[in-house]
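Asker: using only what follows, build the 3D model:
(chains A and B)
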Amino acid sequence: GNSVTQMEGPVTLSEEAFLTINCTYTATGYPSLFWYVQYPGEGLQLLLKATKADDKGSNKGFEATYRKETTSFHLEKGSVQVSDSAVYFCALANYGGATNKLIFGTGTLLAVQP
Amino acid sequence: NAGVTQTPKFQVLKTGQSMTLQCAQDMNHNSMYWYRQDPGMGLRLIYYSASEGTTDKGEVPNGYNVSRLNKREFSLRLESAAPSQTSVYFCASGGEVGPYEQYFGPGTRLTVT
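Answerer: Sure, this is the predicted structure:
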């Protein structure tokens, strides 16, 4: 079946450090891949997405590349800020059926210290 | 444009009590979803509705019922709450044009004692 595995947290970084949060997936066919972010006390917001192999999604300085050969979609940012502190979820969606169900990873808490 | 709204924000129930969580969206989406979020478990799908008048079970439907009242509204009901249903509940909606993006409400934090 479809599944998403992402690195355990928490990830604690100093401001301006480089960020990588690993995400790998198992899926049949050609899923779309997403990163969602959840700020404290809020719902999830879409951060970026990629729909096919070798696509790079980017937003707010974050990037992730859809790597079919390694079934990965790692999230990166070159210089994190305190305001990036949040929980990050990797997710996939597979076409087919009546609707578009998302499969989420367990989330990775990022804490950025000044 | 409010997006996805949920009420209430917080609720405390005693075991055996019932309640309904309300969700509404103003983006004219056909699909709506209910998730629960538990520590270390990510988000798990409880029920979803592909269109007005249809509902289907997700990964963890036991103990819940849903109603798709109209295109805008999708409610989640706990008939007899149990401590295992203590969680944060999120409603989401999404269109059908790929790549299957979903929009989330702010969540309801439910505690069952």
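Asker: tell me the helices and strands packed up against the lowest-mean-pLDDT helix or strand in chain A.
Answerer: None of the helices or strands of chain A scores lower by mean pLDDT, DSSP states H and E than strand A:102-104, at a mean of 89. Strand A:102-104 sits against strand A:3-6, strand A:86-93, strand B:42-49, with contacts defined as 3 or more CB pairs under 8 Å, 6 or more residues apart in numbering or on different chains; DSSP states H and E. C-beta: built from backbone N, CA, C; applies to glycine.
Asker: what number of residues lie near B:S18?
Answerer: If you count neighbours by other CB atoms under 10 Å in any protein chain shown, B:S18 ends up with 10.
Asker: check contacts around the nearest residue to it once chain neighbours are set aside.
Answerer: Nearest residue to B:S18, sequence neighbours excluded (CB to CB, 6 or more residues apart in numbering or on different chains): B:E79, at 5.2 Å. Contacts for B:E79 (CB atoms under 8 Å, 6 or more residues apart in numbering or on different chains) come out as B:18, B:63, B:65.
Asker: where's the first one relative to B:A81, distance?
Answerer: Counting by CB to CB, to the nearest Å, the separation of B:S18 from B:A81 is 7 Å.
Asker: what of the last one?
Answerer: Using CB to CB, B:N65 is found at 13 Å from B:A81.
Asker: okay, the two: which has more neighbours?
Answerer: Between B:N65 and B:A81, B:A81 has the larger neighbour count (other CB under 10 Å), namely 21 against 14.
Asker: helix, strand or coil for the more buried one?
Answerer: Using DSSP: H, G, I helix; E, B strand; the rest coil, the secondary structure recorded for B:A81 is coil.
Asker: can you list contacts of stretch B:56-69?
Answerer: With CB under 8 Å, 6+ apart as the test, stretch B:56-69 has contacts from A:98-99, A:101, B:32-34, B:36, B:44-55, B:74-80, B:82, B:84-85.
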